[in-house]
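S.K.: Predicted coordinates and the sequence they were generated for:
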Amino acid sequence: MFKIVNREEMAQGTIILNEIEAPRIARKAKPGQFVIIQSHEKGERIPLTMADVDPDKGTITIIYMVVGKSTASFSKMAVGAEYFAVIGPLGKATHIEKRGKVVCVGGGTGIAVLHPITRALKEVGNHVTTILGSRNKDLLILEDKMKKASDVLHICTDDGSKGHHGFVTDVLKDVLAKDDISLVVAIGPVPMMKFVSSITKEKGVETLVSLNPIMVDGTGMCGGCRVSVGGETKFACVDGPEFDGHKVDYDELSKRLRAYQEDEKKSLEQFEKKA
Amino acid sequence: MAVKEKKQAVPRVKMPEQAPEVRRRNFKEVPLGLTDEMAMTEASRCLQCKKPACVEGCPVSVDIPGFVHLIAEGDFAGAAERLWQKNALPAVCGRVCPQEAQCEGNCILGKKGSSVAIGYLERFAADRAREQGGGALPEVAAKTGKRVAVIGSGPSGLTVAGDLVVKGHDVNIFEAFHKPGGVLVYGIPEFRLPKEIVASEVKTLEKLGAKIELNSVVGTTITIEELFEEGFDAVYVGVGAGLPRFMDLPGENLIGVFSANEYLTRANLMKAYLFPEYDTPIARGKNVVVLGAGNVAMDSARTAMRLGAESVKIVYRRSREEMPARAEELHHAEEEGIEFVLLTNPTQFFGNDEGRLVGMECLKMSLGEPDASGRRRPLPIEGSEYRIDCDLVVVSVGAKANPLLTNSTPGLGLNRWGNIVADPVTGKTTKKGVWAGGDIVTGMATVILAMGAGREAADSIHDYLTRGW
Ligand SMILES: Cc1cc2nc3c(=O)[nH]c(=O)nc-3n(C[C@H](O)[C@H](O)[C@H](O)COP(=O)(O)OP(=O)(O)OC[C@H]3O[C@@H](n4cnc5c(N)ncnc54)[C@H](O)[C@@H]3O)c2cc1C
Ligand SMILES: Cc1cc2nc3c(=O)[nH]c(=O)nc-3n(C[C@H](O)[C@H](O)[C@H](O)COP(=O)(O)OP(=O)(O)OC[C@H]3O[C@@H](n4cnc5c(N)ncnc54)[C@H](O)[C@@H]3O)c2cc1C
Ligand code: FES
């Protein structure tokens, strides 16, 4: 169980795709939901969104960025290797409905999370404008798939190596000015979601973001994933991970994501020394 | 008369323990267990009452005089077998049951002197049997061809599974976590309940033929309806009371304020005290405050001490008499240097620019008239605010029902707190073919009550499978 049947390196090897056998999960998963993964018994429980599922084959696909010890250890696993644990599907599925004109904004591995949602939004008949951002053209992932899932695709790079030279928010402002947009879905680094939300809030455009706080169980039992939304405490694993972008306390989330910074650094250094 | 007095004159055995100043910095078990001689001497203190009050105090009616007598005779294996007739997890119960409120609390010897150390003896017999390879497995009845799904592998689920598999049914346990045992593995720390004991009990169950599907969150990975579609004939829900309560105070989301569930799960299930050998980190506080005074609070406080804290305080709004923890845990905590700050209630938490906890504000309390719980109600003393500097707070003020499974199960009756409504005798729920028991029905209670509920339900499920609803 939980065998890796396919592995791809994306974005110069900093982002990895794994297709994993998990038949029960593949049968139930919906866009927006995630799994918790452990590579071995001593490993950490790591939440990752399902970028795709194949119910017939009984597989799920995860796409993750190598940022620390656990994702670094995942990235060393070859096709045929097995994850120790995969738990899910967790979290609420995205509410998909026909809204008219929608904009999907993705950054980094957030694009992987955004892909099944974008596809589903298009399938129910929305006109989808997608804006993707990355530091440079080599770090951009899933461009072709996102193109297929969208009516219009914009690319932005920080260094101008592809598409618009600048941030996704520049393009978003243009799109919002020209078109009557009824929904924005933004998934990416916390600062990106924060800036997108502040722009759409000004314009009064409903905005959905997907939050990534530190989790342990993913079933509502630890409370580690608490986020403040509209002044109320929510558990991202069961109440989310998607929330109204205008109500999220992004500063609190950014701080909480740094809770274990020093330990994480130590852990990665030790792992790299061993490797 | 003479015998009774003679027996009273023999002092109650003292369990050898790791010294407080040593054990407060390690995760090894605190009490070290009795020697054979100690156990036999202690067992011979038992008066072998004709009408044993101790048994009445035991929620699963273990034959206490019977097993104690066998220990006195030196038949340790026989004692273990006698225990197993009523209790599938004696090595666990001997360690964590609140004996002073149950068996030992009823012991006649306790009225004048000190009661027989029934808990220690239970632990002794079970440990000896395990060390000698676990003893004989109970006989398994011929296969009935019926299949039962047990949801949750805590003490309640393990008991149901054991009973039904012995009766010849096929049993699959579905567990959300990657390890079986429920609170016994994620909540109760190693220094109180070594995890190898739980693992050994689970292995026995597997040897008997029960199957365990880990990483299966019933309600999301699979629903109860789907379990029936897959061909299960009955379902037992023993998912515990796994949702943490917070206090809704300003600053509660600062880094450094944890639920006991998170703190203990990181420490126990994920073995974060062995970081970085194990990958999961845990916050190590210098000045730690634990809110609450039950077993969970004691476990959190003692864990914090073992993780290197300079000071650990239990902050509790009532007085010492009202503390719900087992007497032994309170005593152990105190010996290990945990401070009790009583009649005190937190009002807010303070953080620094990085969003990390640096202190909390408290109010002093006084006790008023008894409330619905029969305990005196704590009342705030106006103007008594003061600050406690701290960098780690563990909130251990109780747990509630997790709606993940119940929300996805139409027809399952719940009470207003979200606990499953089940018949107190049979464990039957309002949904046909579904039983429930343990903390998900009663709210957070005890290991032995969860096991008792499991046993009753197993009998009722067996009746249903052989005779009908
Ligand atoms: C619902 C959800 C969905 C996610 N989906 C994806 C995805 O599809 N692709 C992807 O690349 N990343 C995703 N993440 C983020 C991913 O979980 C973290 O990058 C990963 O946990 C880092 O672990 P590490 O040990 O490699 O790094 P570490 O060195 O441990 O941590 C690096 C940073 O990752 C975050 N982090 C650490 N531990 C956890 C944890 N247990 N849970 C969440 N965040 C943590 C912290 O911000 C930390 O500073 C998701 C997170 C959540 C909560
Ligand atoms: C820290 C702590 C210390 C304690 N100390 C003591 C003590 O000293 N003495 C004592 O008698 N009692 C003690 N208790 C209470 C005792 O542990 C509980 O009353 C008892 O464990 C309840 O058993 P249970 O089988 O109902 O549930 P649990 O032990 O809670 O087990 C439930 C299991 O179900 C799983 N689960 C939950 N939801 C799902 C789902 N949807 N699908 C699949 N699986 C699921 C959980 O992961 C868990 O493994 C303590 C509790 C805690 C938290
Ligand atoms: S991850 Fe534990 S409650 Fe959400």
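M.R.: Happy to help now that I have it. Ligands and ions are numbered 1, 2, ... in the order given.
S.K.: C-alpha only now, for contacts and for neighbours.
M.R.: Fine.
S.K.: what sits up against stretch B:17-24?
M.R.: B:29-33, B:302, B:305-306, B:332, B:335-336 (Cα atoms under 8 Å, 6 or more residues apart in numbering or on different chains).
S.K.: Can you give me the domain assignment for chain A?
M.R.: A:2-90, A:101-257 (automatic domain parsing).
S.K.: what does chain B give?
M.R.: According to automatic domain parsing, the ranges for chain B are B:3-132, B:147-242+B:401-467, B:245-398.
S.K.: Please produce TSV containing these, extended by mean neighbour count.
M.R.: Converted to TSV, the domains of chain B look like this (neighbours: other Cα atoms under 10 Å in any protein chain shown):
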stretch	mean neighbour count
domain B:3-132	19
domain B:147-242+B:401-467	21
domain B:245-398	20
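S.K.: Can you redo the ones you listed as TSV, where the extra columns are mean pLDDT and distance to A:Glu232?
M.R.: Written out in TSV, the entries for these read as follows (pLDDT from 0 to 100; distance: least, Cα to Cα, whole Å):
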stretch	mean pLDDT	distance to A:Glu232
domain B:3-132	91	37
domain B:147-242+B:401-467	95	19
domain B:245-398	94	9
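S.K.: now for these, which one comes closest to ligand 3?
M.R.: The minimum distance between ligand 3 and the domains of chain B falls on domain B:245-398, with 7.0 Å, by Cα to the nearest ligand atom.
S.K.: Is any residue of the closest one near ligand 3?
M.R.: No: judged by Cα under 6 Å from any ligand atom, domain B:245-398 and ligand 3 are separated, with a smallest distance of 7.0 Å.
S.K.: near ligand 2 at all, that domain?
M.R.: Yes: contact between domain B:245-398 and ligand 2, assessed by Cα under 6 Å from any ligand atom, occurs at B:295-296, B:299.
S.K.: Going by residue numbers, what spans are helices in chain A?
M.R.: Counting by DSSP state H, chain A has these helices, from start to end: A:23-28, A:69-75, A:110-123, A:143-149, A:168-178, A:190-203, A:236-239, A:250-256, A:261-274.
S.K.: nearest to B:Gly256, of the ones you listed?
M.R.: Closest to B:Gly256 of the helices of chain A, according to Cα to Cα: helix A:250-256, at 9.4 Å.
S.K.: The closest one and ligand 1, any residue contact?
M.R.: No: judged by Cα under 6 Å from any ligand atom, helix A:250-256 and ligand 1 are separated, with a smallest distance of 7.7 Å.
S.K.: Can I get that helix in PDB? Just the C-alpha atoms.
M.R.: Only the C-alpha atoms of helix A:250-256 are listed here, as PDB (Å, rounded to 0.1, in the frame of the first residue of the first chain):
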ATOM      1  CA  TYR A 250      -2.500  36.400   7.600                       C
ATOM      2  CA  ASP A 251       0.000  37.900  10.000                       C
ATOM      3  CA  GLU A 252      -1.000  35.400  12.700                       C
ATOM      4  CA  LEU A 253      -0.700  32.600  10.300                       C
ATOM      5  CA  SER A 254       2.800  33.700   9.100                       C
ATOM      6  CA  LYS A 255       4.000  33.900  12.700                       C
ATOM      7  CA  ARG A 256       2.500  30.500  13.600                       C
END
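S.K.: Run through the neighbouring helices and strands of it.
M.R.: Under the contact definition 3 or more Cα pairs under 8 Å, 6 or more residues apart in numbering or on different chains; DSSP states H and E, helix A:250-256 sits against helix A:190-203, strand A:226-229.
S.K.: Turn the residues of domain B:245-398 next to ligand 2 into JSON lines, including secondary structure.
M.R.: Shown next, in JSON lines, are those (DSSP: H, G, I helix; E, B strand; the rest coil):
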{"residue": "B:Asn295", "secondary structure": "helix"}
{"residue": "B:Val296", "secondary structure": "helix"}
{"residue": "B:Asp299", "secondary structure": "helix"}
